[in-house]
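# Predicted coordinates and the sequence they were generated for:
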Amino acid sequence: MDFPCWWCLLTPPSVCGLRQSDSERAGLREGMTGEAMTDEKEAPCVAVYGTDGGGPFVLVSDHAGRAVPSYLGDLGVSAEDRARHIGWDIGIDGVGRALAQKLQAVLIEQVYSRLVIDCNRAPGHPTSIVKISDGTPVPANHALTAEQIAYREDTILHPYHARITQELDARLKAGRPTVVVALHSFTPEMGGLKRPWQVGLLHNHDNRLAVLLMELLRKEGLTVGDNEPYALTDTSDYTVPTHGEKRQLPHVEIEIRQDLIDHPAGQEEWAARLARLLPQAWALFCQTYGVTPGAQADAEGAMA
Ligand SMILES: [Zn+2]
């Protein structure tokens, strides 16, 4: 019988790549990653950290992982290049996991490298599966057939987003306030230009929570990018448009500069900062927009 994947609850494990024992699954839930990357035991496509302590936040991290499915080898990219910012969002794994613990929130992480498929891009987007990234060619991404692209989508992209959808659906069914927090990090320098922001908040159709959190971060003396170093758009992003905007859930996309979080002390510092400020921003949101904690935000007026 073709039972569904334990993580995404939609895709059969044979498609999702999940081949784990119950104890390993439990271990992942408690904060351990699947490390084996062999044909017999691919890493699961999604890792879930933290425990749901009843708060409003759901953390998602599209680029936290840098695994490559064994059938793709090394993608034709050196280990050094795969460890650069092109392969993953450096440091955001440590920030996200510590933040999940401090907030008592669930964190849903993509395990595979964005060089395999970018989970913050819609299927078919020109940069969904990049042929070259920041000057580094990705040979395994050239001349892909439609079937090969669909396989990556079905085994990595779709199960990840289905797992997020599952988490949100369960919360909304229970009538719980739900805030989507997308976690990313950015390289300190791009195209020869140094980026001055320590943190950037990205928003598009609904800027309410981003603006409140931005004010709190600026009060800490930080240089905060407002839709910098990237602007959130309908096409350049997929996670917030899909799970935040379309569902009219309060949300914010946070980008932290990688040199601040490429070491454990920095990760802990930023996790502690966000664990302190996110609840403050949410409290201000509830006051400002008349949301009663414990009830879902009124969708009216959500789309600015
Ligand atoms: Zn990212």
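Ah, there it is.
# what's the host helix or strand of residue 162 packed up against?
Secondary structure assignment for residue 162, by DSSP states H and E: helix 158-173. Judged by 3 or more C-beta pairs under 8 Å, 6 or more residues apart in numbering; DSSP states H and E, helix 158-173 is in contact with strand 46-49, strand 57-61, strand 106-110. All C-beta spots, glycine's among them, are computed from the backbone N, C-alpha and C.
# Quick check: chain neighbours aside, which residue is closest to residue 111?
Nearest in space to residue 111, with sequence neighbours left out and distances taken as C-beta to C-beta, 6 or more residues apart in numbering, is residue 65 at 4.1 Å.
# my guess is the one you found contacts residue 46, does it?
No: Residue 65 lies out of contact with residue 46 (C-beta atoms under 8 Å); the separation is 9.3 Å.
# Mutual contacts of the two, please.
Here residue 65 and residue 46 share the contacting residues 109-111, scored by C-beta atoms under 8 Å, 6 or more residues apart in numbering.
# Neighbour count added to those, as a markdown table?
Formatted as a markdown table, the shared contacts of residue 65 and residue 46 follow (neighbours: other C-beta atoms under 10 Å):
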| residue | neighbour count |
| --- | --- |
| 109 | 26 |
| 110 | 32 |
| 111 | 24 |
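# Close to the ion: what parts of the protein are there?
Along the chain, the residues adjacent to the ion under the rule C-beta under 5 Å from the ion are 63, 89, 184.
# For the residues you listed, give me a markdown table that also has distance to residue 221, pLDDT and secondary structure.
Formatted as a markdown table, the residues of the chain next to the ion follow (distance: C-beta to C-beta, whole Å; pLDDT from 0 to 100; DSSP: H, G, I helix; E, B strand; the rest coil):
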| residue | distance to residue 221 | pLDDT | secondary structure |
| --- | --- | --- | --- |
| 63 | 27 | 98 | coil |
| 89 | 24 | 98 | coil |
| 184 | 22 | 98 | strand |
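# Turn the helices and strands packed on helix 158-173 into CSV, columns for mean pLDDT.
As requested, the helices and strands packed on helix 158-173 are exported to CSV (pLDDT from 0 to 100):
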stretch, mean pLDDT
strand 46-49, 97
strand 57-61, 98
strand 106-110, 98
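# Next, give phi and psi for the closest residue to residue 220 other than its chain neighbours.
Ranked by C-beta to C-beta, 6+ apart and with sequence neighbours excluded, the top spatial neighbour of residue 220 is residue 273, at 7.1 Å. As for residue 273, its main-chain torsions (degrees, to the nearest 10) stand at phi -60, psi -50.
# any idea how far residue 273 lies from residue 114?
Separation of residue 273 from residue 114 (C-beta to C-beta, to the nearest Å): 25 Å.
# Which of those two has more residues huddled nearby?
The neighbour comparison of residue 273 against residue 114 (other C-beta atoms under 10 Å) goes to residue 114, with 25 against 18.
# Just confirm that one contacts residue 87, I think it does.
Yes: applying C-beta under 8 Å, one finds residue 114 in contact with residue 87, separated by 6.9 Å.
# quick one, strands of the stretch 51-200 of the chain?
For the stretch 51-200 of the chain, applying DSSP state E, counting those that start in this stretch gives strands covering 57-61, 106-110, 132-133, 136-137, 179-186, 189-190, 193-194, 199-202.
# Off-centre distance for the fourth one?
It refers to strand 136-137. Distance of strand 136-137 from the chain centroid (C-alpha atoms, centre = their mean, to the nearest Å) equals 24 Å.
# Identify all contacting residues around it.
Strand 136-137 is contacted by residues 76-77, 81, 84, 86, 131 when judged by C-beta under 8 Å, 6+ apart.
# Looking at that strand now, give me its mean pLDDT.
The pLDDT scores in strand 136-137 average 98.
# partners of that strand, with directions?
Here strand 136-137 has these sheet partners by DSSP bridges: strand 132-133 (antiparallel).
# and if you look at the last one?
If you go by DSSP bridges, strand 199-202 pairs up with strand 224-226 (parallel), strand 251-257 (antiparallel).
# For it, which residues meet the burial criterion?
199-202 (16 or more other C-beta atoms under 10 Å).
# Can you tell me how far the residue of the stretch 1-150 of the chain found nearest the ion is from residue 152?
Nearest residue of the stretch 1-150 of the chain to the ion: residue 63, at 3.6 Å (C-beta to the ion). Relative to residue 152, residue 63 is positioned 15 Å away (C-beta to C-beta).
# and those two? which has more neighbours close in?
Higher neighbour count among residue 63 and residue 152: residue 63, with 25 against 20, using other C-beta under 10 Å.
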